[in-house]
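# Just need the structure, nothing else, for what follows:
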Amino acid sequence: MEVSRKLTTLSLSALVTQLGDELPMLTKVSLFGSRRYKTGSPRSDIDLLLFFSDNPPPTTVAEVTRRVSTYIDAFVLLDEEVAESVINGSHILTEGAARTVEELVDAEPIWSRGGGFSSPGFESQQFLRDFDPWYTVAELQGDRAARRAPIDYLVVTALDDEFVAMEDALKPYVVDSDPQLGMLGRQLIARIPHPPAPQHDQQLILCQSDRMGNIASGLTTAEALTRWAPRLVVLVGITGGISGRVRLGDVVVADRVLDYEAVKVTRFGSLPHGIKCVTSPRARQRAMSWKGLSNAVERLELTGGPGQVPRIVQAGFASGEKVVASRRLTRRITRQDRKVAAIEMESLGGGRTFSKKGVEHFVFKAVTDYCDRRKSDDYRDYCCQLAAGLMVNLLRGRVLLQ
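This next block holds a predicted model:
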């Protein structure tokens, strides 16, 4: 009796039928793993192999699966040889065997579109009450990774202008826009097609902090990483530049981010700590070595700019909580790091979050003004469009992730 009070019984047919109702492209569901062999304990999840007439975004499948039941681990086919869990990112590989994924795992078909649930022997499934099977390992490790939806890119902006420019550039690829996902600001979901292999289309979440600053950036990205498991995070937008090191309209790719406000204040003055956050090298190296990088900028054909072809400059960012329009402060910052070429307010908060989580991140921003008394908004719209357009061209070229 003690054991029975700790168990709960669910109807697998009801769960799978709900999946079919909420995923119109779902054509077949097969059961595999310990539940298929009836050898699983009440702690075991339900391993399902999902077949679709047209591959929906993994984020959509993950959201629907969680809503139906936290006991389900749903796998979708990436191609004939690979299936991936939309819940925790694990893979099933046939490794060239002359068998399909379904045959390899000895999956039992239990539901089909038009035929409904067809395996009454698997109808009732028992679980430990108030227990989430796919949380177990994550909780032991102190990580929430197992409950996050895997995506390719998380793109973060801070300003309304930056978000709108990215939204416009992504318009042909937007799948869903939902302001009620629990984030601090707006967000949308996009799918970047890969015509030679549609199963390798790339998924993107674009989100915006509710305000400027490293604190807001850190909070936004921290909350985003509790919901999604991105392969790469990109901070994109506009920045102030340092005269003599960059030109207006240049795009600065950050190789480091300096915390220029971390100082020790004494009666002799302020002594900087020199704290830096280093961006992930792989995506940065892929972007800077891409042969089509110059063309990706030139073919944007933007108007209203400073009248010169934008350059792509790899340099350091200085990040703090101030909008800088002071030549004196700019000089003080450049003394801390001779390779700093831009000053902005978000990269440090986001970068520290990504580094602690072990997530790769890539940062680039277009120089809209100089950080001195000449500061203005003359090229603000142009630079927002430039950064957004370059980001979309990098996505189309499949440069940052390969």
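# And the strands in the stretch 101-250 of the chain, which stretches?
For the stretch 101-250 of the chain, applying DSSP state E, counting those that start in this stretch gives strands covering 108-112, 116-117, 124-128, 149-157, 174-177, 187-192, 202-208, 228-241.
# Take these and lay them out in a markdown table including mean neighbour count and mean pLDDT.
C-beta here means a position set from N, CA and C on the backbone, and glycine is covered the same way. Formatted as a markdown table, the strands of the stretch 101-250 of the chain follow (neighbours: other CB atoms under 10 Å; pLDDT from 0 to 100):
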| stretch | mean neighbour count | mean pLDDT |
| --- | --- | --- |
| strand 108-112 | 19 | 95 |
| strand 116-117 | 16 | 94 |
| strand 124-128 | 17 | 85 |
| strand 149-157 | 25 | 87 |
| strand 174-177 | 14 | 80 |
| strand 187-192 | 22 | 88 |
| strand 202-208 | 24 | 89 |
| strand 228-241 | 25 | 91 |
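# Columns distance to E102 on top of those strands, output as CSV?
What follows is these, written out as CSV (distance: least, CB to CB, whole Å):
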stretch, distance to E102
strand 108-112, 8
strand 116-117, 18
strand 124-128, 20
strand 149-157, 21
strand 174-177, 27
strand 187-192, 25
strand 202-208, 24
strand 228-241, 25
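# E321: which of the ones you listed is closest?
strand 228-241 (13.7 Å; CB to CB).
# tell me what the closest one is packed against?
Counting contacts by 3 or more CB pairs under 8 Å, 6 or more residues apart in numbering; DSSP states H and E, strand 228-241 packs against strand 149-157, helix 160-169, helix 214-227, strand 340-344, helix 347-357, strand 361-370, helix 380-396.
# what lines up beside the first one in the sheet?
Okay, so that is strand 149-157. Paired with strand 149-157 in the same sheet, following DSSP bridges, are strand 202-208 (parallel), strand 228-241 (parallel).
# any idea of the angle the first one forms with helix 380-396?
Relative orientation of strand 202-208 and helix 380-396, computed by axes from the mean of the first three to the mean of the last three CA atoms, to 10 degrees: 160 degrees.
# ok, the closest residue to P42 other than its chain neighbours - contacts?
Computed as CB to CB, 6 or more residues apart in numbering, the closest residue to P42 that is not its neighbour in sequence is L128, at 4.6 Å. With contacts defined as CB atoms under 8 Å, 6 or more residues apart in numbering, L128 is in contact with K6, L7, T8, P42, R43.
# okay, now the domains of the chain?
The record's domain split for the chain, according to automatic domain parsing, is 2-141, 148-396.
# one step back: compare the strands of the stretch 101-250 of the chain and give me the one nearest R299.
For the strands of the stretch 101-250 of the chain, the distance to R299 is smallest for strand 187-192, at 17.4 Å, taking CB to CB.
# got the angle between the closest one and strand 149-157?
110 degrees.
# CSV please, covering the helices and strands packed on strand 228-241 and showing distance to R35.
Listed next are those as CSV, based on distance: least, CB to CB, whole Å:
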stretch, distance to R35
strand 149-157, 22
helix 160-169, 42
helix 214-227, 27
strand 340-344, 51
helix 347-357, 32
strand 361-370, 38
helix 380-396, 38
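# Tell me which of these sits nearest to G316.
G316 lies closest, by CB to CB, to one member of the helices and strands packed on strand 228-241: strand 340-344, at 4.2 Å.
# which secondary structure elements does the closest one contact?
strand 228-241, strand 251-259, strand 312-319, helix 327-336, strand 361-370.
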